[in-house]
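A.B. asks: Below is the sequence, then the predicted model.
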Amino acid sequence: MKLTAELARNIVISSMEVLGKNINIMDESGIILASGNRARINTFHQGAAKVIATGEMLEISKDEEFEGSAPGINLPIEFNKQIIGVVGITGDPDEVRIFGKLVKNSVELMLKESFVLQQLQAETKARERLLHELLQGNLAYDEDFIEKARLVGCEILFPLVVIAIDIQAIGNMPLKKWLGQTPRRELDLENIVSNIIEHLNNTKTSQSIITSIGTKRIVILQFIATKFKNDDKSAAEIASTFALKYLEQLKTVYNVKVSIGIGGVAHDIQETRGTYKEACLVLKIADKLSYEGDIHCWHDIGLGLLLETTSREVAEYFEKSVNLPELLDSKLVNTLRVFLDCNLCVNETAKKLYVHRNTLTYRLNQIKKITGLDPRNFYGAMHLYLSLMLDRYHSDRSHPGTRS
């Protein structure tokens, strides 16, 4: 443990608030790191050098002369049975002597607390690095990995599912707008994510490992009971129940809006990267297509995966062959979208659009006339649907409403 200027400054501030006396903290060379008298910082304290050499307390009266020293009492700061610095209290030794032992004990206690905090922070960073490497597929499940995981407090069990949580809004404010309010919002967000992870760790009732990726994403490696090992869909349903609990906690405790993506099941360490990529892809697709709800599962992503993996050539073909935004006005595009969402049901579509059946029929005929594709025909509807979805997926345009 080494005294730093920042740590010494914190000790001086805390000690002076309690005692009302000037406090000096010197390093192992006798240089003043922090003092209530700022003019003395970075100067040599001969009395402290003597304390370090002898390991004993030193009192300096106003009649004694020590280079860079003022009257007072100086005591060694010990950590793990080694002297790492000196604490001095300025004043008449007869007046400040009674505070000596108290200040020494307080300083050494603060050092121990700082050391423990540093150890926890180092362990947390080591755990994050290990988990990041695991999720990126850079680790093999061998004795070396097991030992590293054990040292940072990770017990990874299989089968597991990765649950990725993206913060979308804080309070009622979208995250992007919230971040733009002040320059320190990025730091505030880091603190919020850190607090969320601590809360989830303290309240979890099942085997899971929680970490963060970037500034707004929380990743959970959620162990699934082994009886579901050969039934991935059932395992995903169980993972969804866990995700729902996390969602409720985040809404209630932190008042944040999130989007949750659940990957497929990983049965060993090699598959862990895959379930993480799936969870991230689910979040991407759900965001692009503005899926309803807060929880999205790999097994339910369906057409979204087709849109994500569609080649650029295929997407361009649909854009050129049926360029709906160019061919149809917004009313016809909206009519088509609602008609397809209603499974080609005329009555339901007319009801949802608040129009008469005859009006709807006229619009569908217009769509057929303009595009050459009949939305009431299965193949025509499929072609139009893919065109709509590809345009929606590859653009930032917002959706029109459902009214006529």
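C.D. replies: Sure thing, it's come through.

A.B. asks: list the contacts for Q366?
C.D. replies: L332 (CB atoms under 8 Å, 6 or more residues apart in numbering). Every C-beta, even on glycine, is put in place using the N, C-alpha and C of the backbone.

A.B. asks: Longest helix in this protein, please.
C.D. replies: helix 93-135 (DSSP state H).

A.B. asks: give me every residue that touches G68.
C.D. replies: The contact partners of G68, taken as CB under 8 Å, 6+ apart, are 32, 40, 43-46.

A.B. asks: picking that back up, now the longest helix of the chain: average pLDDT?
C.D. replies: Here helix 93-135 scores 89 as its mean pLDDT.

A.B. asks: can you give me the strands in the stretch 101-250 of the chain?
C.D. replies: 160-170, 173-174, 208-213, 217-223 (DSSP state E, counting those that start in this stretch).

A.B. asks: Which of these sits closest to K331?
C.D. replies: K331 lies closest to strand 173-174 among the strands of the stretch 101-250 of the chain, at 28.3 Å (CB to CB).

A.B. asks: Run the chain-centre distance for the closest one.
C.D. replies: Computed by CA atoms, centre = their mean, to the nearest Å, the chain-centroid distance of strand 173-174 equals 17 Å.

A.B. asks: Can you give the contact residues for that strand?
C.D. replies: With CB under 8 Å, 6+ apart as the contact definition, strand 173-174 has outside contacts at Q168.

A.B. asks: again with stretch 208-219
C.D. replies: Residues from elsewhere that reach stretch 208-219 (CB under 8 Å, 6+ apart): 127-128, 131-132, 135, 154, 156, 162-167, 175, 186, 189-190, 193-194, 196-197, 200-201, 204, 220-223, 242, 276, 279.

A.B. asks: by contact count, what packs against the lowest-mean-pLDDT helix or strand in the chain?
C.D. replies: Within the chain, confidence by mean pLDDT, DSSP states H and E is lowest for helix 312-321 among all helices and strands, at a mean of 74. Applying 3 or more CB pairs under 8 Å, 6 or more residues apart in numbering; DSSP states H and E, we find helix 312-321 packed against helix 378-393.

A.B. asks: Who are the packing partners of the helix it packs on?
C.D. replies: Contacts defined by 3+ CB pairs under 8 Å, 6+ apart place helix 378-393 against helix 303-309, helix 312-321, helix 324-327, helix 330-341, helix 357-371.

A.B. asks: what about the closest residue to A70 other than its chain neighbours, how many neighbours?
C.D. replies: Distances taken as CB to CB, 6 or more residues apart in numbering put T90 closest to A70, at 5.2 Å, once the chain neighbours are dropped. With neighbours defined by other CB atoms under 10 Å, the count for T90 comes to 20.

A.B. asks: got the end-to-end distance for stretch 46-66?
C.D. replies: Using CA to CA, to the nearest Å, one end of stretch 46-66 lies 5 Å from the other.

A.B. asks: Can you mark which positions in that stretch are buried?
C.D. replies: By 16 or more other CB atoms under 10 Å, the buried positions in stretch 46-66 come out as 47-52, 58-60, 66.

A.B. asks: In strands, which of the residues you listed appear?
C.D. replies: Those of those mapping onto strands are 58-60, per DSSP state E.

A.B. asks: How far does the least confident helix or strand of the chain sit from its chain's centre?
C.D. replies: That offset, for helix 312-321, works out to 37 Å (CA atoms, centre = their mean).

A.B. asks: Got phi/psi on the residue lying farthest from the centre of the chain?
C.D. replies: Each residue of the chain has a distance to the centre, and by CA atoms, centre = their mean the biggest one is for D63: 59.4 Å. D63 adopts backbone torsions of phi -90, psi -10, taken as degrees, to the nearest 10.

A.B. asks: again with G293
C.D. replies: G293 adopts backbone torsions of phi 90, psi 170, taken as degrees, to the nearest 10.

A.B. asks: show me what contacts it?
C.D. replies: Contacts of G293 by CB under 8 Å, 6+ apart: none found.

A.B. asks: and the gap between it and A239?
C.D. replies: When distance is defined by CB to CB, to the nearest Å, G293 is 15 Å away from A239.

A.B. asks: Equivalent analysis for N172, please.
C.D. replies: Counting by CB to CB - N172 and A239 are separated by 28 Å.

A.B. asks: cool, and I11?
C.D. replies: Taking CB to CB, one finds I11 at 47 Å from A239.

A.B. asks: the more surrounded of those two?
C.D. replies: Shown here are I11 and A239; by other CB under 10 Å, A239 has more neighbours (29 against 25).

A.B. asks: Skipping adjacent residues, who's closest to the more buried one in space?
C.D. replies: V161 (4.2 Å).

A.B. asks: And L179, by the same measure?
C.D. replies: Using CB to CB, 6+ apart, the closest residue to L179 is R185 (4.6 Å).

A.B. asks: ok, now how distant is the one you found from T215?
C.D. replies: Separation of R185 from T215 (CB to CB) stands at 10 Å.

A.B. asks: Report the mean confidence score over stretch 393-404.
C.D. replies: 50.

A.B. asks: mind showing which ranges of the protein have poor pLDDT?
C.D. replies: Residue ranges of the chain with pLDDT under 70: 141-142, 226-233, 319, 396-404.

A.B. asks: Of the buried residues of stretch 46-66, just say which sits nearest to H356.
C.D. replies: Looking across the buried residues of stretch 46-66 and measuring by CB to CB, the closest to H356 is A48, at 93.0 Å.

A.B. asks: Which segments of the chain make up each domain?
C.D. replies: The chain breaks down by automatic domain parsing into domains covering 5-109, 156-300, 310-393.

A.B. asks: now the longest one, how far from the centre of its chain.
C.D. replies: So the one you mean is domain 156-300. A distance of 10 Å separates the centroid of the chain from that of domain 156-300, by CA atoms, centre = their mean.
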